[in-house]
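Participant: Predicted model and sequence follow; I will ask about them next.
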Amino acid sequence: MKINLGGRISFVFLKFTMNKVYLFLFLIHFSSFANNCNNSVKEIYQNIITSIGNNSLYPPELHFSDETRSVAYMSSKGITIEQKTIDLFCGKDNFEDKIAYIIAHELAHYYLEHSWMSNTGLSYASSIGEFVEDSSSLYSAKQKKLSESQADLYAGFYGQIAGYNTLGFGEEALTEVYESYSLPKELIGYPSFDERIDILNSRRNKANDLALLFELGNVLLLSKQYNLAKECYETILKNKFNSREISNNLGLSYLLYGISISEEDVANLLYPVYLDEQTRANTSKTRSGDLFNDPKAMISRATALFHKALLLDPGYLPSKQNLLVSIFLGKENHTERTNFLEQFKNDTLNYTVVSDLKVIASILVKKRYKRIRKIAKNGSYISNLNLTRNDKITPSDDYEKVLNLLGIQIKDLFFIDSKNVKGTDIAVSEINNIKLYQYNGVYIFSLNKTKSIIKEIQRLNGFIKTRSGLYYVYKN
């Protein structure tokens, strides 16, 4: 009896212990899963801050909260997002896009300085009704609706630049939040749930168009279509979207064009300039109807734009690097250029770029090859290219090969139905299931759906790769 009883007790104890082990293991797994989601939220937050690229306002800190009443909100401490909100989307489809929408929307209110939203739960808090009633004399419902519209457009553009389909999943995110928090669909003096959805959807196309302009601007700049690139960036700026990247890349449009129309010995060299696509940009001899045919004016304009980018973010390395190049090229003679570069002889951050520019300065005054070779050892691959470059070699036109690979004939490009990107002259169409953008005689093929022939096209002249896609540029 004792033995049997002891056996039963041991079995029960073992069963109880195993249940505790399973529970313990489950809690560890759940905690690890939640931590992974929280780490993803931190990464998303930083990516969107980076895409906004505006450090003229001190970037707000991200905080997590265990409260369950406000979803996400802006305060003097920064941006707070509740753990309940993260857990709501954690592990589900499109987690990053939905969280990115909420984060980008809150950041939009911060950077757009919608101070009336401070210390409230923004468009989500169950307590916002009281706040709206208290502040109705200062801020009308119309103003609040405008703020929400601005914030969604801002969130859509910068969220997409950061790589998230924020407005594409914004409606789902809002719906799930309202249901999970049991929020009232109608709030006095504030846009209703249905109005919020209408606002969100109305801004989606414009945000997508602006993000497309930024992408096409980068593609056009990399393919040396400086004037068309400039028009893309300027259209974004005219819509009151500014960031260090836009000012930097617009500055490059002017700088590279200025270099291309300079005297032949200057125009034929490569320069250590930096497009914010983690790509070294190149130059080619070209002419543009809208840009001035004055190299000094172009370089001066570029210098001003790089300074503007650095006002938004003083630590922004691409503009620091490009500013070095533009100031260097703005100097009148070899002595001025040498004296300018001498300021950076102990600057480890810019050492490689300065070495590249010393090589260029030496080539321009035709110093001995061995002496330049010695300087080039401290430079980048650009220095080596400048030393070995044969200016008589010009790239061949491979467009016929590319069109054949894509199954497209030249005549097909002139007889296709298209529509314009709103507010621009960029025509969008589709041919052989390939998206095509046409802009003043330049054709940009989006090759993301043609991966089977990408390796072949990559070897041909005119292929462009960005962080967001693969493109082939053909100029008629």
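Facilitator: Looks like it arrived, so ask away. In this text, all values refer to a predicted model and were calculated from it rather than measured experimentally.
Participant: how's this structure carved up into domains?
Facilitator: Per automatic domain parsing, the structural domains of the chain span 2-209, 225-394, 395-476.
Participant: for those domains, which one sits closest to Val219?
Facilitator: Comparing those by their distance to Val219 (CB to CB), the top pick is domain 395-476, with 5.0 Å. All C-beta atoms are positioned from the backbone trio N, CA, C, and that covers glycine.
Participant: how about the helices of the stretch 201-350 of the chain, start to end?
Facilitator: Along the stretch 201-350 of the chain, the stretches classed as helices by DSSP state H, counting those that start in this stretch are 226-238, 244-260, 264-267, 295-312, 317-330, 334-342.
Participant: Centre of the chain to the third one, how far?
Facilitator: The chain centroid and the centroid of helix 264-267 are separated by 33 Å, computed with CA atoms, centre = their mean, to the nearest Å.
Participant: coming back round to it: would CSV of the domains of the chain with mean pLDDT, mean neighbour count and distance to Glu215 be doable?
Facilitator: Rendered in CSV, the data for the domains of the chain read as follows (pLDDT from 0 to 100; neighbours: other CB atoms under 10 Å; distance: least, CB to CB, whole Å):
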stretch, mean pLDDT, mean neighbour count, distance to Glu215
domain 2-209, 77, 17, 9
domain 225-394, 85, 18, 9
domain 395-476, 79, 15, 6
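Participant: Give the full set of residues in contact with Gln83.
Facilitator: By CB atoms under 8 Å, 6 or more residues apart in numbering, the contact list for Gln83 reads Ala34, Asn38, Phe64, Ser65, Asp66.
Participant: what element comes up after the helix or strand harbouring Lys374 heading to the C-terminus?
Facilitator: Using DSSP states H and E, Lys374 falls within helix 369-376. Toward the C-terminal end, the helix or strand that comes next after helix 369-376 (DSSP H and E) is helix 381-388.
Participant: Which other helices and strands does that following helix contact?
Facilitator: Helix 381-388 sits against helix 351-364, helix 369-376, with contacts defined as 3 or more CB pairs under 8 Å, 6 or more residues apart in numbering; DSSP states H and E.
Participant: Compare the ones you listed and give me the one nearest Gly170.
Facilitator: helix 351-364 (41.1 Å).
Participant: on that earlier part again, now tabulate the helices and strands packed on helix 381-388 in TSV and tack on distance to Ile327.
Facilitator: Formatted as TSV, the entries for the helices and strands packed on helix 381-388 read as follows, by distance: least, CB to CB, whole Å:
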stretch	distance to Ile327
helix 351-364	10
helix 369-376	19
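Participant: follow-up on the earlier one: counting only strands, which of the contacts of Gln83 make the cut?
Facilitator: Under the assignment DSSP state E, the contacts of Gln83 contribute Phe64, Ser65 to strands.
Participant: Compile the contacts of Gln83 into CSV and extend it with columns for distance to Thr335.
Facilitator: CSV is the format used below for the contacts of Gln83 (distance: CB to CB, whole Å):
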residue, distance to Thr335
Ala34, 63
Asn38, 57
Phe64, 58
Ser65, 61
Asp66, 65
